[in-house]
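Test case, fold it:
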Amino acid sequence: MAERRLRLKRHSQPERRGRPRSRPLPSDGDIELLEGFLDSLWSEQGLSEATLAAYRSDLEAVALHLNSCSEGLADASRANLLGFLAWRVSQGARPRTTARLVSSMRRFYRWLVRQGAREDDPSVDIEPPRLGQPLPGALTEDQVERLLAAPDTDDPLGIRDKSLLEVLYATGLRVSELVSLAVSSVNTRQGLVRVLGKGNKERLVPLGEEAQDWLKIYMREARPALIGVQPAEKVFVTKRGEGLTRQAFWYRIKHHARVAGIEREISPHTLRHSFATHLLNHGADLRAVQMLLGHADLSTTQIYTHVARHRLQRLHSEHHPRG
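Presented below is the predicted three-dimensional model:
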């Protein structure tokens, strides 16, 4: 377990001329509490390192503010926490950031109460700001077709990118799920991929014929040329045979969007949104989409019905005689 912990070490980076010293860290007592909390989240709920890092960042900020007021995390009052939130808002924190901070504090102080470290929860009556439900940005079907046609399939990297985009649009995988996809998790004969999603929950997702065909071409022709003689666990690799990163794929998808003449802002997540929206627009069942996306709660998937309904209303107003 120790190798997987997100340590909160107090040592500083070596000083370098012209560079500032490393950022301040909370007190030793607060660091010890945060380490215990993060280890508990990892061992009991299997949260990803990115999620644990977000909790650490939030709670370190709380601890530093409390330390500046000669208080520690374990002794914080409701007034202390409200003071911290008010200060963050005065510094320009957005409502979504504030809501996340409240959520992190609530989880931490519930854990402290369960551990017997304090009797009351100072965060229990702190309400997060109300957030409007954002509509996911999705491409039109024509834009998706142009994007999928953008890679140059005359070279191995182009075939890789074509396969990446086809698989992403056909499955709706999260980008982290796509780049971490292992060869052993892909069955091109049956047209299925086995995905390990959030909370280590596994699901099977169909590929579709087009994505299946391009994945076969990539695995047969392009991938061996990229990896050479070295073994590679990941399906999608760089020209050096290493696993593709989220950042590298983000760069590639932006490049192909420019080639396709798509002027709007785009990210790898855009194809996931497009996947869900287009399924619903073509009559897919909401619960089926929920399973394909790997959402634990149907309410998370329901946001896409707003997008589909908006487009239906627009089509009605444009094309109906009395619209």
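
The stretch 201-323 of the chain: helices as residue ranges?
209-217, 223-227, 246-259, 268-281, 286-293, 298-301, 303-319 (DSSP state H, counting those that start in this stretch).

domains for the protein, by residue range?
In terms of domains, the chain is parsed into 2-10+23-114, 141-319 (source: automatic domain parsing).

Export these to a markdown table and append columns for distance to residue 130 and mean neighbour count.
Glycine gets a C-beta too; all of them are placed from N, C-alpha and C. Below are the domains of the chain laid out as a markdown table (distance: least, C-beta to C-beta, whole Å; neighbours: other C-beta atoms under 10 Å):
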| stretch | distance to residue 130 | mean neighbour count |
| --- | --- | --- |
| domain 2-10+23-114 | 8 | 16 |
| domain 141-319 | 16 | 17 |
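
which stretch among the ones you listed comes nearest residue 128?
domain 2-10+23-114 (3.9 Å; C-beta to C-beta).

would JSON lines of the helices of the stretch 201-323 of the chain with distance to residue 31 and mean pLDDT be doable?
Below are the helices of the stretch 201-323 of the chain laid out as JSON lines (distance: least, C-beta to C-beta, whole Å; pLDDT from 0 to 100):
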{"stretch": "helix 209-217", "distance to residue 31": "46", "mean pLDDT": "93"}
{"stretch": "helix 223-227", "distance to residue 31": "42", "mean pLDDT": "90"}
{"stretch": "helix 246-259", "distance to residue 31": "29", "mean pLDDT": "91"}
{"stretch": "helix 268-281", "distance to residue 31": "34", "mean pLDDT": "81"}
{"stretch": "helix 286-293", "distance to residue 31": "37", "mean pLDDT": "76"}
{"stretch": "helix 298-301", "distance to residue 31": "34", "mean pLDDT": "59"}
{"stretch": "helix 303-319", "distance to residue 31": "38", "mean pLDDT": "59"}
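
Of the ones you listed, give the one that comes closest to residue 142.
Here helix 268-281 is closest among the helices of the stretch 201-323 of the chain (C-beta to C-beta), at 11.3 Å.

if we can go back for a sec, would you convert the domains of the chain into CSV that also reports distance to residue 128?
CSV is the format used below for the domains of the chain (distance: least, C-beta to C-beta, whole Å):
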stretch, distance to residue 128
domain 2-10+23-114, 4
domain 141-319, 17
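
So which of these is nearest residue 123?
Per C-beta to C-beta, nearest to residue 123 of the domains of the chain: domain 2-10+23-114, 4.4 Å.

where along the chain do the strands fall?
186-187, 192-196, 202-206 (DSSP state E).
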